[in-house]
Structures are given as structure tokens and as C-alpha cells.
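K.L.:
Sequence first, then the predicted structure, then my questions.
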Amino acid sequence: MKDYVLKATAFDGEVRAYAIKSTNTVEEARERQDTWATASAALGRTITITAMLGVMLKDNAKLTVKLEGNGPIGAVIADANDKGEVRGYVINPHVDFESNAQGKLDVRRAVGTEGTLSVVKDLGLRNHFTGQVPIVSGEVSEDFTYYLANSEQIPSAVGAGVLVNPDHSILAAGGFIIQMLPGASDETIAKVEKQIEEIAPISQLIQEGKTPEEVLTLLVGEEGKLNILENMPVQFSCPCSKERLSTAISGLGNEEIDAMIKEDHGATATCHFCNEVYTFSIDELRALKSS
């Protein structure tokens with residue numbers, strides 16, 4: 001099954017809901033980053049949630065997420081757009097630990113419990129919207145829940161999970177975001193909270209073959225009368241290219257380019273997100289100099 005995210009409402013418009021299957025997307029990120037199991041879980045959760053935040057945007061907008069804790073993986077960076085395209089990386093991909101007391105990957109230990117979660121939205125305007133909150137958990141989902149409630153003033157429940165095979169490949173990944181819209185009744189809120197408490201872990205549901213439609217039905221219950229608005233494909237996508245890097249190098253100025261030619265006899269650049277390597281010969285560098 002291909003990855004996709006589902007947009008829906010429930011309880012006659014009192015609730016907005018998103019669910020995603022992101023197994024293939026997270027696996028591609030893992031392959032490109034060569035992440036070990038615990039780092040894969042942290043990166044996968046972040047990518048999964050960022051993809052859902054991305055499809056909330058409109059008109060070619062995009063956002064960048066940075067989860068920067070005091071744990072050994074360093075920062076986790078991801079960005080996404082309104083088309084379901086997402087990418088991400090971690091500073092230190094080779095981090096893994098024994099399972100925690102609950103028998104799960106110890107993401108909290110990898111991320112750390114002190115630091116910040118920041119979200120920068122590029123809405124095509126002169127100024128970007130930036131929101132930042134302190135890390136409250138290090139488990140990722142709880143940190144995004146806190147961000148949405150405090151920075152965007154939207155009461156939300158966020159869940160994301162990643163299961164990793166013994167060979168470090170991704171077995172299952174997925175997530176959900178449930179948001180209470182203005183006017184939501186206390187009764188509706190109580191019902192949704194109860195459903196969220198009783199539902200199995202999202203990664204387990206995805207592993208069992210549950211679709212995003214089935215996940216949202218479980219989350220809102222039959223009473224919620226799920227109303228599906230859109231089904232959108234999700235995929236790992238990186239817009240880097242040699243042309244983009246050429247523009248960046250050209251912007252460094254002739255003096256810096258001459259230094260590359262003299263000292264390095266060319267240039268090599270690697271994209272942080274997809275690990276594609278781009279090389280520039282002496283002649284190519286000379287062509288990038290301004291006359």
C-alpha cells in the first residue's frame with residue numbers, strides 16, 4: 001500500500017482529523033540517512049507529523065520543523081509542503097539504545113528532554129510565521145501536541161509511531177492529528193479523549209494493515225460520523241539539484257570560488273536531506289564566476 005494522508009472532519013464539524021500511513025516515506029529517509037533504530041524512530045515520528053502539518057497548508061506554502069533537544073542524536077530537521085512531499089534528517093544518525101521500560105525504542109533518551117521545538121511556515125508572504133516551544137517530553141508526539149496548543153492555540157492530540165525490523169528497516173510508520181474546532185462541546189471532547197486513550201498504538205495499527213480511514217474511525221468512534229474530505233499521496237521528496245547548488249556557489253563570489261579552485265581543485269557538496277553528492281570540476285567552477 002502506498003503512503004497517503006487522509007483529511008476528515010467528525011462530530012458534525014466539531015473535530016478536524018488527519019491520519020497517515022508513512023512506512024515507505026520513513027523507510028526512504030532511513031535508507032538515505034543510514035539511521036540506526038532509535039534514531040529512525042525519532043526521525044520517522046518527526047517526518048510523519050511534519051507531513052500532516054504540511055498538508056494543512058495551502059497555495060504552495062511549506063514549513064520547516066526543528067526538534068533540537070539535549071540528547072545524542074542532536075537536532076531532527078524536517079520540512080514539508082502542501083502537496084504531501086516531505087524530507088528530513090538527524091544530525092547524528094548512528095544512535096541506538098536498548099528498549100525502554102515499556103519495551104519500546106527509547107526515543108526520549110535519543111532526543112533529550114530539554115531543548116526546543118520550532119516550526120517555521122513559509123506562506124509566500126514577506127515574513128515567515130515562526131512558532132517555538134520548549135520540549136516537554138522528547139517523545140516527539142507530545143512535543144507537537146504542546147506546540148499546537150500553545151503556539152497555534154489549537155487543542156490537539158498528536159500521535160506518531162515507528163516500528164523497526166531487526167535489520168533496521170522500517171516495519172510500519174504512521175500517525176494522526178485530532179483537533180478540536182471552536183464550538184466543540186464538552187461531550188464531544190470527552191468522547192474523543194476516551195477513544196484516544198483506548199486505541200492501540202498507531203504503529204501497531206499500521207502494522208496490522210489498518211488504513212488511515214480505519215484509524216480515524218477508531219479514533220472518533222461510530223458516533224463521530226467520519227466525513228472524509230481528501231486523500232493525498234505522501235512521499236519523501238528532495239528538491240535539491242546541481243543547478244540549485246550552482247546558484248548557491250555563484251553567490252559566494254569570485255574570491256571564494258577561486259579559493260575552491262586553488263585549494264581543492266574543484267568542489268563537492270552533499271545534501272543534508274537526501275545525501276546526494278554533487279561534484280564541480282575546475283572548469284565548472286570557473287563558469288560560475290561573475291564577469
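P.N.:
Cool, the structure landed. Being a predicted model, the structure only gives us computed values, none of them experimental. Numbering: from 1, shown residues only.

K.L.:
residues touching the residue nearest the centre of the chain, list them.
P.N.:
The structure's the chain has its C-alpha centroid closest to Ile47; by C-alpha atoms, centre = their mean the separation is 2.0 Å. For Ile47, the contact set (C-beta atoms under 8 Å, 6 or more residues apart in numbering) comprises 22, 25-26, 29, 78, 86-88, 236. C-beta here means a position set from N, CA and C on the backbone, and glycine is covered the same way.

K.L.:
Report the two of those separated the most.
P.N.:
Ser22 and Arg87 (12.3 Å; C-beta to C-beta).

K.L.:
rewinding a little: report the secondary structure element holding the residue nearest to the centre of the chain.
P.N.:
For Ile47, the host element (DSSP states H and E) is helix 37-55.

K.L.:
At which residues are the strands of the protein located?
P.N.:
4-10, 15-21, 62-69, 75-81, 85-90, 115-122, 129-134, 156-164, 170-180, 227-233, 235-236, 267-270, 277-280 (DSSP state E).

K.L.:
In terms of pLDDT, where does His168 sit?
P.N.:
At His168, the model reports a pLDDT of 93.

K.L.:
same question but for Ser291, I mixed them up
P.N.:
68.

K.L.:
per the record, what domains does this structure have?
P.N.:
Per automatic domain parsing, the domain ranges recorded for the chain read 4-236, 242-288.

K.L.:
Confidence-wise, which of the ones you listed is weakest overall?
P.N.:
Within those, the stretch with the lowest mean pLDDT is domain 242-288, showing a mean of 92.

K.L.:
ends of that one, how far apart?
P.N.:
12 Å (C-alpha to C-alpha, to the nearest Å).

K.L.:
Name the nearest residue to Phe176, sequence neighbours excluded.
P.N.:
Leaving out its chain neighbours, the residue that sits closest to Phe176 by C-beta to C-beta, 6 or more residues apart in numbering is Ala19, at 4.5 Å.

K.L.:
Which strand residues bridge the one you found?
P.N.:
Leu6, Phe176 (DSSP bridges).

K.L.:
and the gap between it and Ala172?
P.N.:
Look at Ala19 and Ala172: by C-beta to C-beta, to the nearest Å, they are 14 Å apart.

K.L.:
Compare those two and say which is more crowded by neighbours.
P.N.:
Ala19 (29 against 25; other C-beta atoms under 10 Å).

K.L.:
wait, that one sits on Leu216?
P.N.:
Yes: using C-beta atoms under 8 Å, Ala19 is in contact with Leu216, at 4.8 Å.
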